[in-house]
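Engineer: predicted model and sequence follow; I will ask about them next.
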Amino acid sequence: MMRAWIVPFMLSALVAAPACGQKPPPLGAEPSPNAPGGKPSFSNPPLRGTPPGPGATPAPAPAPAPAPAPGASLAGKPPPLPPGSDPFGGGGGGGGRRPVSSGTGFVVAPGRLLTNHHVANGCSEMRVRPAAGGQELVATVAATDEQRDLALLNVRGNAGPPLAFRSGPEMRRGEGVVTYGFPLAGLLSSGPTLTTGEVSALAGLRDNARQYQISAPVQPGNSGGPLLDMQGHVVGVVVSKLNAQRIAQSTGDIPQNVNFAVKGGEAVEFLRRNGVEPRVAQSGAARTAAEVGEVAHPSTVFLRCMR
């Protein structure tokens, strides 16, 4: 029997997650051979060169280069990060906490953010950086739904205006959608990334009625970001993708652009159950993808999980 694999989009390390009768772990939860009991390891291993083989003669150490002037860069390269910097764009956090993963969220009400359960799971606190800039904020988990893979956060401060959810009509196959989020933090742009695609199917993996299948390209770090229609209304929450490498190993074929989002209706029900009345709006005149991005920008946030 063919086994299907999906990858949720919380950025920590690039791994696969099974979706055969069990909930996939967050991206970055690859069992480490050194971890007791095969528990997930969230550490990003340092980049090191390959050690020489047996009997190899070590290469002589290069002569030290002259020290550059303070703040200068070598051969056009940017100066090194200041002490305490981390790949997620911040300085390690106080109180002994450190960032272990990152994802995306968006404002659904004053002081309230929505993201994925697997982004917020196990975090002592969340650090929030609005896409529009400004001071970094602190958020805590208010409620989660593991089955839907959703989490509601309380944020201290103004993270931006709430986005409106689409109240109707129902989404159709082939409708255009836009994702907005922070994929591959520390590798790609530190600002948000916009991608476009369509709704491919009205159900997710193995006929999961709580999800859409979408063709918009998404990467680790997009988890929890808004999926918007071409009017700028939220129609879903980006959650996972099909692992092309695993499917290719099983079938000999490489799937392309098979990604998933929790349906907007599921998110609205989750919010209302937890005391949040989100904004809703009927579908109206279509916008360009760039205009949809401008709607999403002030309301989308970069999240760092601190432990």
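Structural biologist: All right, it came through fine.

Engineer: can you classify S250 by secondary structure?
Structural biologist: Classification of S250 by DSSP: H, G, I helix; E, B strand; the rest coil places it in helix.

Engineer: how deep is it tucked in, by neighbour count?
Structural biologist: Neighbour count of S250, defined by other CB atoms under 10 Å: 13. Using the backbone N, CA and C atoms, a C-beta is placed for each residue, glycine as well.

Engineer: tell me the spacing between the closest residue to R173 other than its chain neighbours and P217.
Structural biologist: Nearest non-adjacent residue to R173, counting by CB to CB, 6 or more residues apart in numbering: V199, 5.7 Å away. Separation of V199 from P217 (CB to CB, to the nearest Å) stands at 14 Å.

Engineer: please apply the same query to T193.
Structural biologist: Distance from T193 to P217, by CB to CB: 10 Å.

Engineer: show me which of the two is the more surrounded one.
Structural biologist: Neighbour comparison, T193 and P217: the larger count goes to T193, with 20 against 16 (by other CB under 10 Å).

Engineer: okay but the more buried one is in contact with P183, surely?
Structural biologist: Yes: assessed by CB atoms under 8 Å, T193 is found in contact with P183 at 5.6 Å.

Engineer: ok so the residue nearest to R173 is a strand residue?
Structural biologist: Yes: applying three-state DSSP, one finds V199 inside a strand.

Engineer: for it, name its beta-bridge partners.
Structural biologist: In this entry, V199 is beta-bridged to I214, by DSSP bridges.

Engineer: give the contact list for it.
Structural biologist: V199 makes contacts with 171-175, 177, 212-214, as judged by CB atoms under 8 Å, 6 or more residues apart in numbering.

Engineer: which stretches of the stretch 51-200 of the chain aren't confidently modelled?
Structural biologist: 51-96 (pLDDT under 70).

Engineer: at 90 what do you get?
Structural biologist: Scanning the stretch 51-200 of the chain for pLDDT under 90 picks out 51-101, 134, 184-190.

Engineer: helices of that one, start to end?
Structural biologist: For the stretch 51-200 of the chain, applying DSSP state H, counting those that start in this stretch gives helices covering 117-120.

Engineer: what sits up against stretch 156-165?
Structural biologist: 106-113, 128, 130-132, 135, 137-139, 226, 228, 232-235, 264, 267-268, 278-281, 295-296, 298-301.

Engineer: write the ChimeraX selection for whichever of these are buried.
Structural biologist: In ChimeraX syntax, the buried subset of those is picked out as below (16 or more other CB atoms under 10 Å):
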select :106,107,108,109,111,112,113,128,130,131,137,139,226,228,232,233,234,235,264,267,268,278,295,296,298,299,300,301
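
Engineer: was I right about G221 contacting L184?
Structural biologist: Yes: between G221 and L184 there is a contact at 5.4 Å, judged by CB under 8 Å.
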